[in-house]
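Participant: Test case, fold it:
(4 chains)
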2 protein chains.
Amino acid sequence: MPNKVADSPLNETARHILSEARQLFAERGFDGVSINDVATAAGVSKANIFHHFGSKQALYMEVLKLSLNEFGELTEHLQPERAPLEQRLQHFLQAKASHLHQHPDSVRVVLRELLENRDDVTRQLADQATVVQFRRLFHLLQEAQQSGEISADVDLAALAVMMIGVVVFQFQIRSLLRHQPEVEFADDPEQYSRLLAQILVNGISTKEINK
Amino acid sequence: MPNKVADSPLNETARHILSEARQLFAERGFDGVSINDVATAAGVSKANIFHHFGSKQALYMEVLKLSLNEFGELTEHLQPERAPLEQRLQHFLQAKASHLHQHPDSVRVVLRELLENRDDVTRQLADQATVVQFRRLFHLLQEAQQSGEISADVDLAALAVMMIGVVVFQFQIRSLLRHQPEVEFADDPEQYSRLLAQILVNGISTKEINK
DNA sequence: CTACTGTCTGACCGAATGGTCAGTCAGTGC
DNA sequence: GCACTGACTGACCATTCGGTCAGACAGTAG
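Facilitator: Next comes the predicted model:
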């Protein structure tokens, strides 16, 4: 009896099942996908899925773990050492945005989980991963504020939520934005993050600035 | 045979069913809710739901329409006439945020729909409502830019996505933010929107500003 | 050869699903 | 009185659900 409890390194077949399952769960959510769907997509028998994963819940948990790992993957390399603040922010935003676009299935699984307000384990996992990312950014901003680059009266928590939120939201509605004539950055994370960084650093008002 | 096709004004019982259904769909999504669940919650027989709505899909469509109306409800009263830019932005953000918090079920139904990438009618409805809101804000910002209040080199589409995104995102993760010591605005739309408006208008850098 | 292992399948199970249907009941117009 | 209507229900239907199980098959260790 294989890895129904322990998390031994996954079989090739199991990894294939997991991959197909993630795509389906990302598209339709837990309740929208039946084991039969997964079995058909993966080209294996239904019973084989239970053989490898034990239950639908367990399979979903594996999908969620996989997605969380990918979602939280090192967006670490944030600072090209000593670049100007605007450039560093842009770099962070762009890395974040590109990363989301490169792993859409994982992101959608996590976002779905965040939308539920259950109190169970899966939800807590999703929470935790999000919080870790938030904190990382927060401390980064704290350094910039202490070194005087960011104005002392800026609320860093609001700024952090703003930065992450704006990138995630753009990802969520990207298919919508594609059809908006005003929007030129729908599928261009680089341009989008440049615009954001510019607004964040300089503000939008016409007040004159001593460069 | 009643309103299976036409949308005649809903019966009191039908409205009650609809209300219970919306709550359930908001919590668990379309596939997570059975007609039996709705029937039990509403205290009517399952067959009665089919009598009033024809099918589960049709019931869901009614829920979605209701939610979209509430979601798109006039956040119109945006400008206290001739207030400073920062104050007007804050007013908009706060109205938006409060509105989301006041209709969490509707918002969740719409957000869920936005997460799907189907191509069917329901999705198009959700799209449309979102687009309308986006455009409204966009034109507002355009006026401010033409009148010289907003700097000419600011990309208004990015700014609009930013403003809406940051409010929606904060709503999505509000239960998370509650447990963050750095965050003081988790359930205080007023404070949150004030912080956002401040950042948006003035920027975050320490560059001196001629007031 | 035998014995045992993990992988995999088709047939099957009880429960729940969306949906139907015949029919009860209260009200309304004639 | 009677005919008709819409609201409503319990019993029922076919299908699908998550999950089980006995066994087939390949590999491999003794």
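Participant: isn't A:Ile137 right next to A:Met162, touching?
Facilitator: Let me fix one detail, which is that residue A:137 is Leu and not Ile. No - with contact defined as C-beta atoms under 8 Å, A:Leu137 does not reach A:Met162; the gap is 10.3 Å. Every residue, glycine included, has its C-beta placed from N, CA and C.
Participant: Quick check on A:Ser205: phi, psi?
Facilitator: Here is the backbone geometry of A:Ser205 (degrees, to the nearest 10): phi -80, psi 160.
Participant: Where is the longest helix in chain A?
Facilitator: The longest helix of chain A (DSSP state H) is helix A:121-146.
Participant: and chain A, which of its residues are near DNA strand D?
Facilitator: Within chain A, the positions lying close to DNA strand D (C-beta under 7 Å from any atom of the strand) are A:Val33, A:Ser34, A:Ile35, A:Asn36, A:Asp37, A:Lys46, A:Ala47, A:Phe50, A:Gly54, A:Ser55, A:Lys56, A:Gln57.
Participant: any idea of the pLDDT on the closest residue to the fifth one other than its chain neighbours?
Facilitator: Read it as A:Asp37. By the measure of C-beta to C-beta, 6 or more residues apart in numbering or on different chains, the closest residue to A:Asp37 outside its immediate chain neighbours is A:Leu24, 5.8 Å from it. pLDDT, A:Leu24: 96.
Participant: and A:Leu24, what does it touch?
Facilitator: If a contact means C-beta atoms under 8 Å, 6 or more residues apart in numbering or on different chains, then A:Leu24 has A:Val33, A:Asp37, A:Val38, A:Ala41 as its contacts.
Participant: The third one and A:Leu59 touch, don't they?
Facilitator: Looking back up the chat, that one is A:Val38. Yes - A:Val38 is within contact range of A:Leu59, at 7.4 Å (criterion: C-beta under 8 Å).
Participant: okay, and the common contacts of those two?
Facilitator: With C-beta under 8 Å, 6+ apart as the test, A:Val38 and A:Leu59 both reach A:Ile17, A:Ala21, A:Ile49.
Participant: Narrow these to just the buried residues.
Facilitator: Applying 16 or more other C-beta atoms under 10 Å in any protein chain shown to the shared contacts of A:Val38 and A:Leu59, the neighbour count classes A:Ile17, A:Ala21, A:Ile49 as buried.
Participant: Tell me which entries of the shared contacts of A:Val38 and A:Leu59 lie within helices.
Facilitator: A:Ile17, A:Ala21, A:Ile49.
Participant: you'd agree the second one is up against A:Thr40?
Facilitator: No - no contact is recorded between A:Ala21 and A:Thr40 when judged using C-beta under 8 Å, the distance being 11.5 Å.
Participant: So is the least confident helix or strand in chain A by mean pLDDT next to chain B?
Facilitator: Every helix and strand in chain A was compared by mean pLDDT, DSSP states H and E; the lowest is helix A:121-146, with a mean of 81. Yes - using C-beta under 8 Å from any C-beta of the partner chain, helix A:121-146 reaches chain B at A:Asp127, A:Thr130, A:Val131, A:Phe134, A:Phe138.
Participant: helices or strands up against the next helix-or-strand element following that helix?
Facilitator: Using DSSP states H and E, the helix or strand that follows helix A:121-146 in sequence is helix A:156-172. Applying 3 or more C-beta pairs under 8 Å, 6 or more residues apart in numbering or on different chains; DSSP states H and E, we find helix A:156-172 packed against helix A:85-102, helix A:104-115, helix A:121-146, helix A:189-202, helix B:156-172, helix B:189-202.
Participant: Of those helices, which shows the lowest average pLDDT?
Facilitator: Averaging pLDDT over each of the helices and strands packed on helix A:156-172 puts helix A:121-146 lowest, since it has a mean of 81.
Participant: ok and that helix relative to helix A:104-115, angle-wise?
Facilitator: Angle of helix A:121-146 versus helix A:104-115, following axes from the mean of the first three to the mean of the last three C-alpha atoms, to 10 degrees, is 100 degrees.
Participant: list the buried ones in helix A:121-146?
Facilitator: Within helix A:121-146, the residues scored as buried using 16+ other C-beta under 10 Å are A:122-123, A:125-127, A:129-130, A:133-134, A:136-138, A:140-141, A:144-145.
Participant: by contact count, what packs against it?
Facilitator: helix A:56-71, helix A:85-102, helix A:104-115, helix A:156-172, helix B:174-177.
Participant: 7 Å instead?
Facilitator: helix A:56-71, helix A:104-115, helix A:156-172, helix B:174-177 (3 or more C-beta pairs under 7 Å, 6 or more residues apart in numbering or on different chains; DSSP states H and E).
Participant: What distance do you get for the residue nearest to A:Asp37 to A:Lys65?
Facilitator: Note on A:Leu24: its distance to A:Lys65, by C-beta to C-beta, to the nearest Å, is 16 Å.
Participant: just A:Gln23 next, same as before
Facilitator: 16 Å.
Participant: Comparing these two, which residue is more hemmed in?
Facilitator: A:Gln23 (18 against 15; other C-beta atoms under 10 Å in any protein chain shown).
Participant: That one in helix, strand or coil?
Facilitator: The three-state assignment at A:Gln23 reads helix, by DSSP: H, G, I helix; E, B strand; the rest coil.
Participant: which one of the residues of helix A:121-146 next to chain B is nearest A:Ala83?
Facilitator: Distance to A:Ala83 across those (C-beta to C-beta) is lowest for A:Phe138, with 19.9 Å.
Participant: nearest spatial neighbour of that closest one, skipping sequence neighbours?
Facilitator: A:Ala160 (4.9 Å).
Participant: Any figure for the gap between the one you found and DNA strand D?
Facilitator: A:Ala160 is 38 Å from DNA strand D, where distance means C-beta to the nearest atom of the strand, to the nearest Å.
Participant: for A:Phe169, same thing?
Facilitator: Separation of A:Phe169 from DNA strand D (C-beta to the nearest atom of the strand) stands at 31 Å.
Participant: For the nearest residue to that residue once chain neighbours are set aside, list the residues it contacts.
Facilitator: Once flanking residues are discounted, A:Phe169 sits nearest to B:Gly165: 2.9 Å by C-beta to C-beta, 6+ apart. By C-beta atoms under 7 Å, 6 or more residues apart in numbering or on different chains, the residues touching B:Gly165 are A:Gly165, A:Val166, A:Phe169, A:Gln170.
Participant: Put together a markdown table for those, with distance to A:Glu116 on each row.
Facilitator: A markdown table is the format used below for these (distance: C-beta to C-beta, whole Å):
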| residue | distance to A:Glu116 |
| --- | --- |
| A:Gly165 | 19 |
| A:Val166 | 23 |
| A:Phe169 | 19 |
| A:Gln170 | 22 |
